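J.: mind folding the following:
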Amino acid sequence: MTLRVSNLEVASSNAIPMIDKMQTKKSGGPFLHIPQLCILLETCQGDLMRYLPIKDVCKVMVCSKEIQKWARAEVKRRYQSWKHSCSCAWYWETDETEWWKRKMYSADALALDDPRSMSELDMEWQAYQSPSSLIDSVAGSFGSSIAQFLYNRENGAPQQQCIFRRGERVTFTTLGKNADAVPKVLIFDIYCDDRHKWSGMRPINRIDVGSVYNQNEHQEYMRCTSIDPFASKSLGDLTHSSTIHPMSHGRRAPNYLLSTAADDTRVWKFNVSLLTPMSKETLIMSVTLDIQATIKEITEGKGWEKDSGYSQIQKMKQMYKEDSHIGEFYNFETTTSNDNLWRCSVLNTRLISGGGKLLRGIGEEGNLRLFDFLSFDFCYWLDKRTPGQERFHLTMDFQCQDELWSDLILRA
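T.: Numbers count the residues shown, from 1 in each chain. The predicted structure is shown next:
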């Protein structure tokens, strides 16, 4: 392993390295090898450690005991920082006796050690007693090691294992017929220009599996899993006055998943990966989004809805007009039509995951199968409520066919 060093000042007590230039600059400056890096770390009393990619932090663990101690401390520091920024991307409800009086909140609204946010999860998840212990278990026990888990956040989860590799032994697994009983967690990650910006953890409840019906390319109906990251600790603005995502099951998250300037030219990437106690983390879908191109496509295709989806709320009000309790539970009255907040929910990003490769699975009879129904159903908003400061928002729903959980080939 080598690093390119540029503009690095070393003092007896600290270092101010230009790590970005180390990693990306293509000319100028000498190469720095692991032994040289270890010398710098000792000179700087470990201060340089916080500027290194997690991969290099792990590599210097072969050095002296002092450097190993600094490296372990750095992994712990980064994990605690990530843990407190990670979204617990599910909801919980207050416990009023009358169901229609219950209020729905993001699990992010409570402290990580508050057990109330676990109330809407299945019993096996409630056994962890708090989001904090659940996250620790998923990152440590499910994810091989904390360092590997952090590496997957920084660089993206590894893709599905290749099962055809000539001359090599390949190890993989599937959850098989016991998939329903195996705890499964989805990790959502967002990257901006290849830099990690956000993570959300979403345990899968049994009720999530088969929660919707969808048509495949043969117009056949199939049961699908539909999961939307319900987060307030996100990259998005508050969803004041906005309508709901059509696939959000009547729930409106307190925040958009992502909000940015409408003239943003950066490239955003959305990943979702699967973690279980029986398998290593496996990437199951990745989509990149060019905001300028998306806005142009929607506008030219006349995809902005005239009433920003408010008619959907009106239909729900009409559907449940005989039952005022449902209207009270879903809080319909907080959604109002706004001529300067436009919605588009008709562009589904049904893209092949894994960099253009179809995900493989093994069916009940041992046959090799391909999964071609995976989607991020994005819902977009163009916000013109503040003159001269147009904003672009989105929410997202992940869908897949139910057989994915039992048949998907996972890293072992």
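J.: identify the residues contacting residue 155.
T.: The contact partners of residue 155, by C-beta atoms under 8 Å, 6 or more residues apart in numbering, come to residue 55. (Each C-beta comes from the backbone N, C-alpha and C, glycine too.)
J.: measure the spatially most central residue of the chain to residue 211 for me?
T.: The structure's the chain has its C-alpha centroid closest to residue 188; by C-alpha atoms, centre = their mean the separation is 1.1 Å. Counting by C-beta to C-beta, to the nearest Å, the gap between residue 188 and residue 211 amounts to 17 Å.
J.: now swap in residue 285 and tell me
T.: In this structure, residue 285 and residue 211 are 18 Å apart, going by C-beta to C-beta.
J.: who's more crowded, these two?
T.: Applying other C-beta atoms under 10 Å to residue 285 and residue 211 shows that residue 285 carries more neighbours, namely 23 against 17.
J.: now residue 392. Nearest residue, chain neighbours left out?
T.: Distance criterion C-beta to C-beta, 6 or more residues apart in numbering; nearest residue to residue 392, sequence neighbours excluded, is residue 262 at 4.6 Å.
J.: kindly report the same for residue 411.
T.: Once flanking residues are discounted, residue 411 sits nearest to residue 280: 4.0 Å by C-beta to C-beta, 6+ apart.
J.: OK, contacts around that neighbour?
T.: The neighbourhood of residue 280, defined by C-beta under 8 Å, 6+ apart, consists of 143-144, 158, 410-412.
J.: in CSV: these, plus secondary structure.
T.: Converted to CSV, those look like this (DSSP: H, G, I helix; E, B strand; the rest coil):
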residue, secondary structure
143, coil
144, coil
158, coil
410, strand
411, strand
412, coil
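J.: circling back to that earlier point, which helix or which strand is home to the closest residue in space to the residue nearest to the centre of the chain that isn't next to it in sequence?
T.: The spatial neighbour of residue 188 that comes closest, neighbours along the chain excluded (C-beta to C-beta, 6+ apart), is residue 200 at 4.2 Å. Assigning secondary structure by DSSP states H and E places residue 200 in strand 195-203.
J.: ok, residues contacting that strand?
T.: For strand 195-203, contacts defined as C-beta under 8 Å, 6+ apart pick out 82, 85-90, 121-122, 125, 134-135, 138, 153-154, 183-191, 227, 229, 231, 234-235.
J.: so which of these belong to helices?
T.: 82, 85, 125, 134-135, 153-154 (DSSP state H).
J.: could I have the buried ones of those residues as PyMOL selection syntax?
T.: Typed into PyMOL, the next command selects the buried ones out of these (criterion: 16 or more other C-beta atoms under 10 Å):
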select buried, resi 82+125+134+135+153+154
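J.: any chance of the ones in helices among the contacts of strand 195-203 in a markdown table, with distance to residue 270 and pLDDT too?
T.: Formatted as a markdown table, the ones in helices among the contacts of strand 195-203 follow (distance: C-beta to C-beta, whole Å; pLDDT from 0 to 100):
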| residue | distance to residue 270 | pLDDT |
| --- | --- | --- |
| 82 | 18 | 96 |
| 85 | 17 | 95 |
| 125 | 24 | 94 |
| 134 | 23 | 95 |
| 135 | 20 | 95 |
| 153 | 14 | 95 |
| 154 | 16 | 93 |
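J.: residue 83 versus the spatially closest residue to residue 86 that is not a sequence neighbour, what's the distance?
T.: With sequence-adjacent residues excluded and distances taken as C-beta to C-beta, 6+ apart, residue 86 is closest to residue 199, at 4.7 Å. When distances are taken as C-beta to C-beta, residue 199 and residue 83 turn out to be 9 Å apart.
J.: now do the same end-to-end measure for stretch 200-208.
T.: Counting by C-alpha to C-alpha, to the nearest Å, you get 17 Å between the two ends of stretch 200-208.
J.: list the contacts of the nearest residue to residue 173 once chain neighbours are set aside.
T.: The shortest distance from residue 173 to any residue other than its chain neighbours is 4.2 Å, reached at residue 412 (C-beta to C-beta, 6+ apart). Shown here is residue 412, whose contacts under the criterion C-beta under 8 Å, 6+ apart are 161, 171-173, 279-280.
J.: ok, residue 278 to residue 292 distance?
T.: Where residue 292 is concerned, residue 278 sits at a distance of 42 Å (C-beta to C-beta).
J.: more neighbours, these two?
T.: Neighbours were tallied for residue 278 and for residue 292 using other C-beta under 10 Å; the higher tally belongs to residue 278 (17 against 13).
J.: done for today, thanks.
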